[in-house]
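A.B. asks: With the sequence up front, the predicted model follows.
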Amino acid sequence: MTFKTVQNTILCALFTLVCACQQTNTNTPKNDNTRVKDSLTTLLSKKDSVIHVLSNQVISQTRLLEDAKSKTPTDCVKMEYVNFLFTDSPFLLHKDQLVKTIIDELQLDRNNVMTQVWEYSFPYTSKDNTNYVDSKIGMINHLWNTVDRSTESINTLLTDNDKLKIYDLFKHNTIYKDSGIAAIVKGLITAYNEIENNENAQYHFNTLKSRLYDTTDDYSQLEETERIVNEDLASATVTDILSDQNYSTYPESYSYIGNRVFYVYSFWARRQAEGNQDIVYLLLKQLDETLAPNQEEH
C-alpha cells in the first residue's frame, strides 16, 4: 500500500466519523456539537502532525533509495580493478599478473615494501567485507579476506608453473632486493627456524600468540607483545638482517627496525592461527633460494 493510499484511507475514516457524529447528534444541544467538533479538530491536527512526520520519512527513504540505485556494481567495483584477475576458469588463473599488480600499485620500484604495507594497510585481514572496493589494491585485499588460505587451498591455487612466472617478475630487475622484500623474506625464514628449533624461543612465541589474540581491549597488551618480541624473541641474527643497513635502498619513512622485527614474529603467529605456517615457510624458502642468487648478479 502506498503512502498516499494510507493518507486517503485515514482522511476517509475521519470524514465518516464526523458524519456519523453529526447524524447521531442532531437532537443534542449546540454546545455538545461544538465539543465534538473541537475534539475532531484536535484529532485531525494530531493526524496532520503524524502525516507530516511520515511524509518526511518517505522523502528521506526515497533519497536513500535513489542514492543506492546510483551505486551500480560498475561504480562499486570497476571492471578494470578485477578483470585482470580472472579468465573463464579456473579461479585466479593469472597469479603472476596478480603479483605484478601488487608491485605496481604499491610502487615497489621506488618504495620500500613495509612502508607501503602500512601506507595501504595491505594485506589487511578483516571480517568486514561490505565496504566498496575503490582501487585495484582494495580489490586484492578483498580477495585476501575471502580466499581460503588453508594448506590444501594454497597448493591448489599456486602451481609450480605459477611460481616460475612470479619469480620471473623479479629476475630482470633489483626490486626484490631494493624494496626490502629480500630482507623481510630472509628475516621470516630465520625467525621460523629459530622458533621451530629452540625451546626457549617456542615458549616466548607461544606467550606472544596468546597476547596477540587476547580479546580484551587493553593497550597494555600491545605494549606487552612489543616487549616480548624485543626482549625475549628477537635474535641478533634477525635484527641484523632487518637493520637499516641491510633492509632497503629506498627511503625508509614509516618503516623502522622495531616495526620490521615485530612484523616478522607476529607474521608467524598469524600463520599458525590459519594453520598454514609450514606451506608458507616452504614457499618463502623457495622464493629466496631462487631469487637471492639472481640479485647478486645485478
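C.D. replies: Cool, got the structure.

A.B. asks: tell me the average confidence for stretch 184-192?
C.D. replies: Taken as a whole, stretch 184-192 has an average pLDDT of 98.

A.B. asks: where does the chain have low pLDDT?
C.D. replies: Along the chain, segments meeting pLDDT under 70 span 1-32, 46-47, 49-50, 52-54, 56-58, 60-93, 126-134, 214-219, 252-254, 294-298.

A.B. asks: Number of residues surrounding K37?
C.D. replies: A count of neighbours around K37, defined by other CB atoms under 10 Å, yields 13. C-betas here are computed from N, CA, C, even on glycine.

A.B. asks: Please, which helix or strand holds it?
C.D. replies: helix 30-70 (DSSP states H and E).

A.B. asks: likewise T207?
C.D. replies: Going by DSSP H and E, T207 is in helix 199-212.

A.B. asks: tell me what the next helix or strand after that helix is packed against?
C.D. replies: Following helix 199-212 in sequence order, the next helix or strand is helix 219-227 (DSSP H and E). Counting contacts by 3 or more CB pairs under 8 Å, 6 or more residues apart in numbering; DSSP states H and E, helix 219-227 packs against helix 199-212, helix 257-274.

A.B. asks: residues of the helix holding T207 that come out buried?
C.D. replies: A201, H204, F205, L208, K209, R211, L212 (16 or more other CB atoms under 10 Å).

A.B. asks: Not counting its own residues, what contacts it?
C.D. replies: 194-196, 221, 224-225, 228-229, 232-233, 235, 265-266, 268-269, 272-273 (CB atoms under 8 Å, 6 or more residues apart in numbering).

A.B. asks: What's the ChimeraX line that selects buried ones from the residues you listed?
C.D. replies: This is the ChimeraX syntax for the buried subset of the contacts of helix 199-212, where burial follows 16+ other CB under 10 Å:
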select :194,195,221,224,225,228,229,233,265,266,268,269,272
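
A.B. asks: rewinding a little: tell me the angle of the helix holding T207 relative to helix 257-274?
C.D. replies: Orientation check (axes from the mean of the first three to the mean of the last three CA atoms, to 10 degrees): helix 199-212 against helix 257-274 gives 80 degrees.

A.B. asks: Show the subsequent helix or strand relative to the helix or strand where I137 lies.
C.D. replies: Using DSSP H and E, I137 sits within helix 136-146. Next in sequence after helix 136-146, counting helices and strands by DSSP H and E, comes helix 151-157.

A.B. asks: packing partners for that next one?
C.D. replies: For helix 151-157, the packing partners by 3+ CB pairs under 8 Å, 6+ apart are helix 277-296.
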